[in-house]
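Novice: Fold the following for me, if possible:
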Amino acid sequence: MHEAPPRRSGGRRQRMNARNERREDTSMLSGTPIASPYTPLSAAQLSEVHNAALRVLETMGRARATPRVLEAALDHGCWQDDAGRLRFPPGVVEAYLKKAAKSFCLSSPMRPKIDAETDQKIRKQNKNLAP
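Specialist: The predicted model follows:
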């Protein structure tokens, strides 16, 4: 006689449960500290990029702005030139950068347990980010 083949342990449900348990085991939980931020640019290079963006927004602006954007921007100190381009003064851009959110949530709609919240620590560790 020949031996019966070994039986598979568990079944579909057990494999699915094991897979789901592995998915729950993650290090991307909210508040996970970042060991070292990725900084491909030096402080001087980052400042150059920031200043160049301010110059572009002031000198070239934006074409074909929607009426809603035009209304909001014009009410807050921007202007429209003769060609219809919306221009952004550096002072207005800087003021709104200071008001912008310093943290936000990278969310996972399917698995809220792995949502990751960015925080102020990133800015403190990476001092070459524009304020």
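
Novice: the strands in this protein, which residues?
Specialist: Ranges of strands in the chain, per DSSP state E, are 79-80, 86-87, 105-106, 116-117.

Novice: Tell me the helices and strands packed up against the first one.
Specialist: Think strand 79-80. Other helices and strands packing on strand 79-80, by 3 or more C-beta pairs under 8 Å, 6 or more residues apart in numbering; DSSP states H and E, are strand 86-87. All C-beta atoms are positioned from the backbone trio N, CA, C, and that covers glycine.

Novice: that older thread, looking at the strands of the chain, which is closest to Gly11?
Specialist: Nearest of these to Gly11, taken as C-beta to C-beta: strand 116-117 at 34.4 Å.

Novice: Sheet partners, orientation included, of that closest one?
Specialist: The strands beside strand 116-117 in its sheet (DSSP bridges) come out as strand 105-106 (antiparallel).

Novice: residues in contact with the strand it pairs with?
Specialist: Contact with strand 105-106 is made by Ser30, Asp115, Ala116, Glu117, Thr118, as judged by C-beta atoms under 8 Å, 6 or more residues apart in numbering.

Novice: Look up which residues are beta-bridged to the fourth one.
Specialist: Translated: Glu117. Cys105.

Novice: these two touch, right, it and Ser107?
Specialist: No - taking contacts as C-beta atoms under 8 Å, Glu117 lies outside contact range of Ser107: 9.2 Å.

Novice: so who does Met60 touch?
Specialist: Met60 sits next to Arg85 when contact means C-beta under 8 Å, 6+ apart.

Novice: Turn the strands of the chain into a markdown table, columns for mean neighbour count.
Specialist: A markdown table is the format used below for the strands of the chain (neighbours: other C-beta atoms under 10 Å):
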| stretch | mean neighbour count |
| --- | --- |
| strand 79-80 | 14 |
| strand 86-87 | 18 |
| strand 105-106 | 11 |
| strand 116-117 | 15 |
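
Novice: of these, which approaches Val56 most closely?
Specialist: Val56 sits nearest to strand 86-87 of all those, at 10.3 Å, using C-beta to C-beta.

Novice: by contact count, what packs against the closest one?
Specialist: Counting by 3+ C-beta pairs under 8 Å, 6+ apart, strand 86-87 packs on helix 43-59, helix 67-75, strand 79-80.
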